[in-house]
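Engineer: sharing a model that was predicted from the sequence below.
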Amino acid sequence: MRIAMISEHASPLATLGGVDAGGQNVHVAALSTALARRGHQVRVYTRRDDATLPRTVTFAPGVDVVHVAAGAPEHIPKDALLPHMAALAAGIAEDWRVWRPDVAHGHFWMSGLATLDAAAAIPEPPAVLQTFHALGVVKRRHQGPADTSPREREWLEPDVGRRADRVVATCSDEAFELKKLGVQQDRISVIPCGVDLDHFRPEGDGEAKRRPYRVLIVGRLVPRKGVGTVIEAISQLAADGIDAELVIVGGGAPAGGGDPELTRLAELADRFGVTDRVELRGQVPQSDLPPVYRSADVVVCAPWYEPFGIVPLEAMASGRAVVASSVGGLIDTVVHARTGLHVPPRDPTAVAGAIRELLEDPARADRLGSAGRRRVESRYSWDRVAADTERAYRTALRRPRLAAAGGSAARGVGR
Ligand code: UDP
């Protein structure tokens, strides 16, 4: 099959850990590579955000990344990209006139708009599938006025869901939200994200700790990841005489690079009197993460909400017990009392209690970590995710097309 992946802001070539580069980049890169291993040809279309990028870069055997001109060739925050989706669609459609895909898979709602528009612009359009990665309705519920998404997301996003031939939800919670938005149940496939089981392994060196216990957070540093909750939990543990350090990986720039969220978290650590226990490491390339995961006694993921969350899978693949908020994708991936412990979101005392349980019973933490490794091996390899995704593509190809009908999705938007 010829497969087009459309990922407007999240290139597989990007550095991870900044505000707009995380799980979606990993997902598109790993899914495309695993589909190519199954014999498919994959082109990933992303917005050109740097004038020096060549038009096409071969990312892996069978996977090309195509940079499409849409807006200034520089970084533009993803919430300011909507006006450029029509240009992105036009550039993609131009490529499809010479390289016609069988399937086009949009990632994030704005890519969905561009995908539907590009499909409508060519004869014999591909089947259109959509993965949202996050839903505006959920973001708005949790972030309220702090949500910087364009206002149009409210109606354009559900429209993408209703018009795509098939929607891939990454967890059961998202499938439920999609149904509420009017997406027919029989057009939804639930397929999780995966994890690189060879890269993230329990065996191998771990970094040296600076205190008897190490608690680890990895992720894009945005307030909704709940890092502040864990800093507060560490201060409660310190007050109880538990000598743990908290290592926080991620951020818009290496530590000291002026990322406002890093500054906010440093101030929070100071306010809770745990500056000497909290290390804000900044961005770490994924290639260097395995020994960091292996150095942790516990990995904590305490978001307010989480569309999927690849970090807990990486922690489980590394054989670590996970303390996770029971929200979104984490409800499916982390099994309470089997691979980790669930806690309510925004509850530092519950996080402190769960970390404490695991630090005080290392044999139990090891058991949970080993069970986590077995769980990701059986369910979350990218090969399995790619096989399930291929099945969804074939289902979409067999059914009558919805996506090409209905004209321009982004019509009138910012032009
Ligand atoms: N990540 C990384 N370096 C960093 C911070 C994060 O490589 O400094 C990676 C991390 O390993 C994971 C991804 O970014 O693969 C974050 O994905 P997740 O789904 O957990 O969160 P999202 O970014 O989608 O909110």
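Structural biologist: Sure thing, it's come through.
Engineer: tell me where the stretch 251-400 of the chain has strands.
Structural biologist: Secondary structure of the stretch 251-400 of the chain (DSSP state E, counting those that start in this stretch): strands at 278-282, 298-301, 321-325, 340-343.
Engineer: name the stretch among the ones you listed that sits most buried.
Structural biologist: With neighbours taken as mean count of other Cβ atoms under 10 Å, the strands of the stretch 251-400 of the chain reach their highest mean count in strand 321-325, at a mean of 29. C-betas here are computed from N, CA, C, even on glycine.
Engineer: hey, where'd the helices end up in the stretch 151-300 of the chain?
Structural biologist: Taking DSSP state H, counting those that start in this stretch, the helices of the stretch 151-300 of the chain run over residues 153-163, 172-180, 227-239, 260-271, 290-294.
Engineer: export the ones you listed to a markdown table and tack on distance to residue 280 and mean pLDDT?
Structural biologist: Converted to a markdown table, the helices of the stretch 151-300 of the chain look like this (distance: least, Cβ to Cβ, whole Å; pLDDT from 0 to 100):
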| stretch | distance to residue 280 | mean pLDDT |
| --- | --- | --- |
| helix 153-163 | 31 | 97 |
| helix 172-180 | 30 | 96 |
| helix 227-239 | 9 | 98 |
| helix 260-271 | 5 | 94 |
| helix 290-294 | 14 | 98 |
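Engineer: could I get those helices as CSV with distance to the ligand and mean neighbour count?
Structural biologist: Converted to CSV, the helices of the stretch 151-300 of the chain look like this (distance: least, Cβ to the nearest ligand atom, whole Å; neighbours: other Cβ atoms under 10 Å):
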stretch, distance to the ligand, mean neighbour count
helix 153-163, 17, 19
helix 172-180, 13, 17
helix 227-239, 12, 22
helix 260-271, 11, 16
helix 290-294, 9, 20
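Engineer: run through the residues of the stretch 301-415 of the chain sitting next to the ligand.
Structural biologist: 308, 309, 310, 311, 314 (Cβ under 6 Å from any ligand atom).
Engineer: confidence score at the residue nearest to the last one when sequence neighbours are not counted?
Structural biologist: Spatially, and ignoring its direct neighbours in sequence, residue 314 is nearest to residue 200 (4.8 Å; Cβ to Cβ, 6 or more residues apart in numbering). Per-residue confidence (pLDDT) for residue 200: 98.
Engineer: quick check on residue 200: phi, psi?
Structural biologist: Backbone torsions of residue 200, given as degrees, to the nearest 10, read phi -100, psi 110.
Engineer: where does the stretch 301-415 of the chain have low pLDDT?
Structural biologist: 404-415 (pLDDT under 70).
Engineer: show me where it has its helices.
Structural biologist: Counting by DSSP H, counting those that start in this stretch, residue ranges of the helices within the stretch 301-415 of the chain are 311-317, 328-333, 348-360, 362-379, 382-398.
Engineer: and the longest one, what other elements does it pack with?
Structural biologist: Counting contacts by 3 or more Cβ pairs under 8 Å, 6 or more residues apart in numbering; DSSP states H and E, helix 362-379 packs against helix 311-317, strand 321-325, strand 340-343, helix 348-360.
Engineer: for the shortest one, same thing?
Structural biologist: Packing partners of helix 328-333 (3+ Cβ pairs under 8 Å, 6+ apart): helix 172-180, helix 311-317.
Engineer: residue 251 - how many residues pack around it?
Structural biologist: Residue crowding around residue 251 was assessed by other Cβ atoms under 10 Å; the count is 27.
Engineer: for it, give me the pLDDT.
Structural biologist: According to the prediction, residue 251 has pLDDT 82.
Engineer: roughly how far does it sit from the ligand?
Structural biologist: Separation of residue 251 from the ligand (Cβ to the nearest ligand atom, to the nearest Å): 7 Å.
Engineer: how far away from the center of its chain is stretch 58-73?
Structural biologist: Centroid separation for stretch 58-73 versus its chain: 19 Å, with Cα atoms, centre = their mean, to the nearest Å.
Engineer: now the closest residue to residue 383 other than its chain neighbours: how far from residue 395?
Structural biologist: Distances taken as Cβ to Cβ, 6+ apart place residue 34 nearest to residue 383, at 5.6 Å, with adjacent residues excluded. Distance from residue 34 to residue 395, counting by Cβ to Cβ, to the nearest Å: 18 Å.
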